[in-house]
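Asker: sequence and predicted model, in that order:
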Amino acid sequence: MTERLFLFGSGGHAKVVLDAARLQGYQVLAVFDDDPARAGTRLMDCPLPGGREALLAWCRSSGVQTGIVAIGNNPARIAMGDWLAAHGFALASVVHPAAVVTSSARIGAGTLIMPGVVVNADACIGGNVILNSGAIVEHDCTVGDGAHVAPGAVLCGGVSVGAGTLVGAGAVVLPGVRIGAGLLVKAGAVVARDMGGNA
């Protein structure tokens, strides 16, 4: 039986997540968002009943207890993932069929791997992470919970990215570099030495 899910978040990023989830075989039944202006609308062809209170009521009636957080902003995505966990929900991971993920990679719950991503041998990806379109995570990398590796970014071998960090679009992090938690690597940057505190 196809797993039934809900999505939380209805911005542009959510459209990509919705498409990837369906291509993976999930049945996404509804989308939720705390923006009151979006209540009663649709994301693509999915109904958007409302925010968190609507989600709780809908899940009680539908029996669905698994969702995907489709929010690009790291702090907001992390907070929503924590809220869902506190209310007993599970987070599904999404791997787009056009991504390449080696069998030795470890992927945490709620992580989103978009089209064109490559995750190579013995990489360890935390929970509630975004590996966005065309990102490359080379062998032996570690990406902490809630981090976001933006489109076209490259983590060379043995890189460590701390929890909640954003590696900007097109950035390149050279082999073995450690990047601390909660940081921003600017788009297009080349990072050749360690950044910040504990990764």
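Answerer: Done, it's in. As the structure is a computational prediction, the values presented were derived from the model and not from experiment.
Asker: the protein: helices as residue ranges?
Answerer: 12-24, 52-62, 74-86 (DSSP state H).
Asker: ok, what's across the strand from Ala90?
Answerer: Beta bridges link Ala90 to Thr66, judged by DSSP bridges.
Asker: and it, how far from Glu3?
Answerer: 10 Å (CB to CB, to the nearest Å). Glycine gets a C-beta too; all of them are placed from N, C-alpha and C.
Asker: give me the common contacts of the two.
Answerer: Here Ala90 and Glu3 share the contacting residues Thr66, scored by CB atoms under 8 Å, 6 or more residues apart in numbering.
Asker: nearest spatial neighbour of the residue positioned nearest the centre of the chain, skipping sequence neighbours?
Answerer: Ranked by distance to the mean C-alpha position of the chain (CA atoms, centre = their mean), the top residue is Ile130 at 3.1 Å. Leaving aside its sequence neighbours, Ile130 sits nearest to His148 (CB to CB, 6 or more residues apart in numbering; 4.4 Å).
Asker: looking at it, the one you found is touching Ile125, isn't it?
Answerer: No - using CB atoms under 8 Å, His148 is not in contact with Ile125, being 11.5 Å away.
Asker: quick one, what contacts the residue nearest to Gly116 when sequence neighbours are not counted?
Answerer: Counting by CB to CB, 6+ apart, Gly116 lies nearest to Gly134, which is 4.1 Å off, once chain neighbours are set aside. Taking CB under 8 Å, 6+ apart, we find Gly134 in contact with 114-117, 151-152.
Asker: and the gap between Gly134 and Arg52?
Answerer: 33 Å.
Asker: next one: Phe89
Answerer: 11 Å.
Asker: for those two, work out which one has more neighbours and name it.
Answerer: Counted by other CB atoms under 10 Å, Phe89 and Arg52 do not tie: Phe89 has more neighbours, with 20 against 15.
Asker: I'd say the more buried one and Gly67 touch.
Answerer: Yes - assessed by CB under 8 Å, Phe89 is found in contact with Gly67 at 5.6 Å.
Asker: dump the residue contacts of Val100.
Answerer: 117-119.
Asker: that one bridge partners, please.
Answerer: On the basis of DSSP bridges, Val100 is bridged to Val118.
Asker: quick check: the gap between it and Leu7.
Answerer: From Val100 over to Leu7 (counting by CB to CB), the distance is 24 Å.
Asker: tell me the pLDDT of Ala199.
Answerer: We note a pLDDT of 40 for Ala199 in this prediction.
Asker: what do you get for Gly196?
Answerer: The model's pLDDT for Gly196 equals 87.
Asker: the residue nearest to Ile130 bridge partners, please.
Answerer: Ile130, Leu166.
Asker: number the chain from 890, please
Answerer: Renumbered: residue one is now 890, and that last one reads His1037.
Asker: ok, it - how many residues close by?
Answerer: His1037 has 24 nearby residues by other CB under 10 Å.
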